[in-house]
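Enquirer: no sequence on this one, just coordinates:
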């Protein structure tokens, strides 16, 4: 387990990427969401590993990318914040089914025990070329993740609907109170 690897997850359009950007601005190491990177690459290449075309292919690519992100971040010092994680990708396969080896990945590749979830927030939710989930689908995704993380032994911290600065302060305060705290880069 790498208790330095901190996950921001939750509802699509709930402010995860904005929060990640704020943490990056404060000098912390970050990894952007695998799903967004996959969608951008697939659209550019005319591919079909898109969540609205082939969810299974998309989720399997997200698993590969999440594992690669963890490996690349292994040598970085301090907290590393991930916009989504391996658990998100594995949970996306639940509706289409996954083999047992995929179901074991979140057990062997651990993150910090506290996972920060952004709840559904209709006032900021919007779709775009890379996020085509409707509101109801986004809420269902949040519910699925809120159930998946505890199944793998994580403690959920639901972030308030607040400014990005307040959310970042809350995340950092929560981590400062954890025995796994190892500090930050750029500080």
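Expert: Looks like it arrived, so ask away. As the structure is a prediction and not an experimental result, all values here were calculated from the model.

Enquirer: all strands for this protein, in order.
Expert: Using DSSP state E, the strands of the chain run over 5-10, 29-31, 80-83, 114-118, 155-158.

Enquirer: Now tabulate those strands in a markdown table and tack on distance to residue 148, mean pLDDT and mean neighbour count.
Expert: Just so you know, the C-beta spots here come from the backbone N, C-alpha and C atoms, and that holds for glycine as well. Formatted as a markdown table, the strands of the chain follow (distance: least, CB to CB, whole Å; pLDDT from 0 to 100; neighbours: other CB atoms under 10 Å):
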| stretch | distance to residue 148 | mean pLDDT | mean neighbour count |
| --- | --- | --- | --- |
| strand 5-10 | 9 | 95 | 26 |
| strand 29-31 | 19 | 95 | 21 |
| strand 80-83 | 15 | 96 | 25 |
| strand 114-118 | 10 | 96 | 22 |
| strand 155-158 | 10 | 96 | 13 |
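
Enquirer: Tell me where the model's unsure across this structure.
Expert: 1, 94-104, 106, 128-132, 179-187 (pLDDT under 70).

Enquirer: Can you check which helix is longest in it?
Expert: helix 55-73 (DSSP state H).

Enquirer: State the phi and psi torsions of the most centrally placed residue in the chain.
Expert: The centroid of the chain falls nearest to residue 84 when counting by CA atoms, centre = their mean (0.9 Å). Dihedral pair for residue 84: phi 80, psi 170, per degrees, to the nearest 10.

Enquirer: give me every residue that touches it.
Expert: Neighbour list for residue 84: 7-9, 16, 33-35, 62, 66 [criterion: CB atoms under 8 Å, 6 or more residues apart in numbering].

Enquirer: Present the strands of the chain as CSV; the columns should include distance to residue 44.
Expert: CSV is the format used below for those (distance: least, CB to CB, whole Å):
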stretch, distance to residue 44
strand 5-10, 25
strand 29-31, 20
strand 80-83, 20
strand 114-118, 27
strand 155-158, 34
